[in-house]
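> need coordinates for the below:
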Amino acid sequence: MRMIARPLSILTGLIAAIGVPLHSQSPAQRDSAAVAATVDRFHAALVAGDSLAALAVLAEDVVVLESGGSESRDEYRSHHLPGDIAFARAVPSQRGPLQVRMRGDVAWASRTSITQGEFRGRMINSAGVELMVLSREPDGWRIRAIHWSSRTRRDAGSSPEAEVRAAVERYNAAFLGKDLVGLKALLADDIVLYEHSVRNLGLDDVWNNHLRPEVEAFEDTKGAFTDVRVWVAGDVALVTRQYSIQATMRGRAIDARGNETMGWARRSGEWKVIHIHYSHPCPRPPGT
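Just a heads-up that it's a prediction; the model follows:
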């Protein structure tokens with residue numbers, strides 16, 4: 001890429017907002033305004049539910065970092081984009097000023113946000129930060145990388161136990177509602193899951209070989225969680241409970257009842273599941 005030999009420019013997207021006439025802007029100001037406009041087009045497309053418009057401002061080799069994962073353009077289109085559109089349309093965000101920094105044909109834009117509302121039955125109250133890297137192409141600026149990070153905002157006076165119970169409720173709602181994006185976001189990278197003699201180690205194994213196939217296969221899922229007990233020590237929590245899950249799987253009725261132990265850890269301000277252990281009666285052959 002062409003690099004202009006000049007000091008690093010630190011400009012903000014507010015240039016476009018204050019209405020400076022185009023003819024009176026410097027080249028650097030016009031570039032900054034164009035970068036800000038590209039970022040805003042992406043977010044406007046999400047809110048409008050226009051996936052084609054959102055993809056149009058992403059470079060072919062874009063990298064999207066979100067919820068502890070990395071996705072290519074095709075992966076983002078198939079996986080997180082539909083969920084991001086649904087979330088953006090349902091939950092309003094208050095975004096702070098966009099800061100644009102430039103060096104030649106490369107720009108990076110960042111800002112913070114506060115998101116509050118309800119999404120698929122769970123309350124959202126989070127603080128977020130966004131970083132986008134863009135490059136100048138013959139037909140305009142394109143987004144080459146996106147990194148989103150967020151954390152739950154604590155209500156004044158909320159106790160650690162209340163925070164853990166709220167996180168468990170979000171897990172329940174995502175599991176029963178087949179919210180795969182929301183469910184995976186609650187799992188730690190080093191999660192371990194036990195069920196009978198099965199042991200799944202790490203997020204990829206737990207997600208791809210246990211939780212995701214199970215949740216996807218369940219239809220008309222209903223459930224109840226009782227005798228929920230929570231112990232918190234610093235950034236680690238232990239949750240025990242009894243569960244009752246009714247669903248249909250490939251035409252077969254499921255009625256699962258048992259005990260569950262969950263380990264939770266606070267990571268970067270967010271409570272994440274680090275361990276799940278199911279205990280329920282094993283099927284027995286007739287007559288035994």
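> partners of Asn273 in the sheet?
Rather than Asn, residue 273 is Val. Leu187, Trp264 (DSSP bridges).
> surely it and Asp190 touch.
No - Val273 lies out of contact with Asp190 (C-beta atoms under 8 Å); the separation is 10.4 Å. The C-beta positions use only the backbone N, C-alpha and C, and glycine is treated the same way.
> between the two, point out the one with more neighbours.
Higher neighbour count among Val273 and Asp190: Val273, with 24 against 14, using other C-beta atoms under 10 Å.
> state the distance from the spatially most central residue of the chain to Gln246.
Within the chain, one residue has its C-alpha closest to the average C-alpha position: by C-alpha atoms, centre = their mean, that is Ser67, at 4.5 Å. Using C-beta to C-beta, to the nearest Å, we find Ser67 at a distance of 29 Å from Gln246.
> now swap in Ala45 and tell me
Taken as C-beta to C-beta, the span from Ala45 to Gln246 is 39 Å.
> still on that earlier bit, so what's the residue nearest to the centre of the chain closest to, chain neighbours aside?
Of all residues beyond its chain neighbours, the one nearest Ser67 is Ala185 (4.5 Å), with distances taken as C-beta to C-beta, 6 or more residues apart in numbering.
> what is the neighbour count of that neighbour?
Ala185 - counted by other C-beta under 10 Å - has 18 other residues nearby.
> isn't it up against Gly69?
No - counting by C-beta under 8 Å, Ala185 stays clear of Gly69, with 9.5 Å between them.
> which parts of stretch 85-97 are buried?
Going by neighbour count (16 or more other C-beta atoms under 10 Å), the buried part of stretch 85-97 is Ile85, Ala86, Phe87, Ala88, Val91, Ser93.
> residues contacting the second one?
With contacts defined as C-beta atoms under 8 Å, 6 or more residues apart in numbering, Ala86 is in contact with Phe119.
> same list, the buried residues of stretch 85-97, but as a markdown table with secondary structure please.
Below are these laid out as a markdown table (DSSP: H, G, I helix; E, B strand; the rest coil):
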| residue | secondary structure |
| --- | --- |
| Ile85 | helix |
| Ala86 | helix |
| Phe87 | helix |
| Ala88 | helix |
| Val91 | coil |
| Ser93 | strand |
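> and the residues you listed as CSV, adding pLDDT and distance to Glu75?
As requested, the buried residues of stretch 85-97 are exported to CSV (pLDDT from 0 to 100; distance: C-beta to C-beta, whole Å):
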residue, pLDDT, distance to Glu75
Ile85, 93, 16
Ala86, 92, 18
Phe87, 91, 18
Ala88, 93, 19
Val91, 90, 23
Ser93, 89, 24
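> distance to Gly177 added to these, as CSV?
Output for the buried residues of stretch 85-97, formatted as CSV (distance: C-beta to C-beta, whole Å):
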residue, distance to Gly177
Ile85, 17
Ala86, 12
Phe87, 14
Ala88, 18
Val91, 15
Ser93, 22
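> mind listing the helices for the stretch 51-200 of the chain?
51-56, 73-78, 80-90, 160-176, 180-185 (DSSP state H, counting those that start in this stretch).
> out of these, nearest to Ala237?
Proximity to Ala237, assessed across the helices of the stretch 51-200 of the chain by C-beta to C-beta, is greatest for helix 160-176 (4.5 Å).
> what about the nearest residue to Glu219 once chain neighbours are set aside, how many neighbours?
Of all residues not flanking Glu219 in the chain, Thr248 sits nearest, at 4.5 Å (C-beta to C-beta, 6+ apart). The number of residues packed near Thr248 is 13, by other C-beta under 10 Å.
> also Val164?
Neighbours of Val164 (other C-beta under 10 Å): 21.
> neighbour count winner among Ala45 and Gln246?
Between Ala45 and Gln246, counted using other C-beta under 10 Å, the more crowded position is Ala45 (19 against 15).
> no more questions from me, cheers.
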